[in-house]
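> Everything below, folded, please.
(one chain, ligands or ions: 2)
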Amino acid sequence: MKCRCGRSAVFHSKVYRITLCDRCYPKFYVNLVKRSIKRYRILKSSERVLVCVSGGKDSSAMAYALKELGYNIELFHIDLGIGSYSKESLKAVEELAQTLNLDLNVVKLKDYGFTIDDVERKKVCSACGIVKRYLMNRFAREKGFDVVATAHTCEDIILFFIKNMLSGNVEYIAKLKPRIEGYDKLVAKAKPLFERTEKENATLVLTLNLPFTPLECPHAPKDVWKEIIYDVEAKKKGFKLNFVKAIAKLAENVSTEEWEVKHCKICGEVSNSEVCSFCKLVRRYARNVS
Ligand code: Q46
Ligand code: ZN
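Numbering: from 1, shown residues only. Ligands and ions are numbered 1, 2, ... in the order given. Purely as a prediction, here's the structure:
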């Protein structure tokens with residue numbers, strides 16, 4: 001297959017009815033991100049954006065696109081202490097920062113006295129989620145960033161939606177807004193890739209040879225829902241994009257204004273209970289913290 005410019009193609013999409021080469025694809029990708037940001041008012045040009053990078057393909061693609069679009073960004077990475085996976089991830093984000101000429105901020109979970117590998121197997125991903133949300137928000141606020149950008153893809157959003165609907169957590173849909181405004185001690189959150197697929201992100205990083213680690217976290221559960229989402233897409237092209245757009249529309253209509261704000265009695269951050277989930281983890285797993 002050939003690109004419209006005549007070179008051999010690296011990307012073909014039935015959804016966008018387009019075939020592109022390695023030179024034309026990055027411009028197309030960045031333009032799609034630009035369109036989402038504009039349509040859903042995900043970022044403002046005046047904002048300082050903290051771009052969370054895991055070392056994986058999705059966040060490397062996000063960092064590239066936001067830099068190309070001229071946003072005022074710095075990278076942020078959490079070293080979770082997950083064996084060689086975390087070592088490779090750190091190496092990848094250091095290379096990415098160098099390639100894109102961006103400042104990189106690294107927070108090490110072990111400085112709080114524990115690592116994700118210390119958490120019991122059954123609770124590891126939920127603990128990891130708590131750690132990431134807590135550390136990125138706190139770092140962003142303390143360092144004066146206006147918004148935190150995460151590289152959630154349309155597959156991530158659909159997965160979260162299905163799982164929460166099935167467990168009856170209907171109000172959780174508010175968390176799926178492409179942009180959630182900040183309040184109290186919570187910094188605004190942005191998902192500039194919420195309409196992008198994993199395949200689109202992978203094509204970008206491979207085409208541009210951007211640093212990323214292909215390793216998967218050893219704790220990642222095998223997710224049958226993800227397979228189902230891919231199966232439906234294979235049978236019904238455009239399903240993912242249409243579904244994620246519908247989720248964004250639904251999420252916009254859920255108000256978060258009445259949620260009560262409490263603060264953790266230990267760290268002072270926003271919390272649902274007297275002690276926040278992060279401080280509970282520190283209490284439970286920290287070995288060397290006074
Ligand atoms: S949550 Fe779970 Fe991921 Fe954390 S422990 Fe690994 S798989 S990295 S997105
Ligand atoms: Zn706390």
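> Do you have the strands of the stretch 101-250 of the chain handy? List them.
Remark: strands assigned in the stretch 101-250 of the chain by DSSP state E, counting those that start in this stretch are 104-108, 147-149, 179-180, 188-190.
> Columns distance to Ile116 and mean pLDDT on top of those strands, output as TSV?
From N, CA and C alone the C-beta is placed, and that goes for glycine too. Shown next, in TSV, are the strands of the stretch 101-250 of the chain (distance: least, C-beta to C-beta, whole Å; pLDDT from 0 to 100):
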stretch	distance to Ile116	mean pLDDT
strand 104-108	12	98
strand 147-149	20	98
strand 179-180	25	96
strand 188-190	21	98
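> of all those, which lies closest to Gly6?
Distance to Gly6, taken as C-beta to C-beta, is lowest for strand 147-149 among the strands of the stretch 101-250 of the chain, at 35.6 Å.
> Just list what that closest one packs against, helices and strands only.
Here strand 147-149 touches strand 48-52, helix 124-142, strand 188-190, going by 3 or more C-beta pairs under 8 Å, 6 or more residues apart in numbering; DSSP states H and E.
> and if we set it to 6 Å?
strand 48-52, strand 188-190 (3 or more C-beta pairs under 6 Å, 6 or more residues apart in numbering; DSSP states H and E).
> re the thing from before, just so I know, which of the strands of the stretch 101-250 of the chain lies nearest ligand 2?
Distance to ligand 2, taken as C-beta to the ion, is lowest for strand 104-108 among the strands of the stretch 101-250 of the chain, at 15.5 Å.
> rewinding a little: out of the helices and strands packed on strand 147-149, deepest packed?
Among the helices and strands packed on strand 147-149, strand 188-190 has the highest mean neighbour count (mean count of other C-beta atoms under 10 Å), at a mean of 24.
> of the strands of the stretch 101-250 of the chain, which approaches Arg138 most closely?
When those are compared by C-beta to C-beta, strand 104-108 sits nearest Arg138, at 8.9 Å.
> wait, Cys52 sits on Thr150?
Yes. The pair formed by Cys52 and Thr150 meets the contact definition of C-beta atoms under 6 Å, at 5.0 Å.
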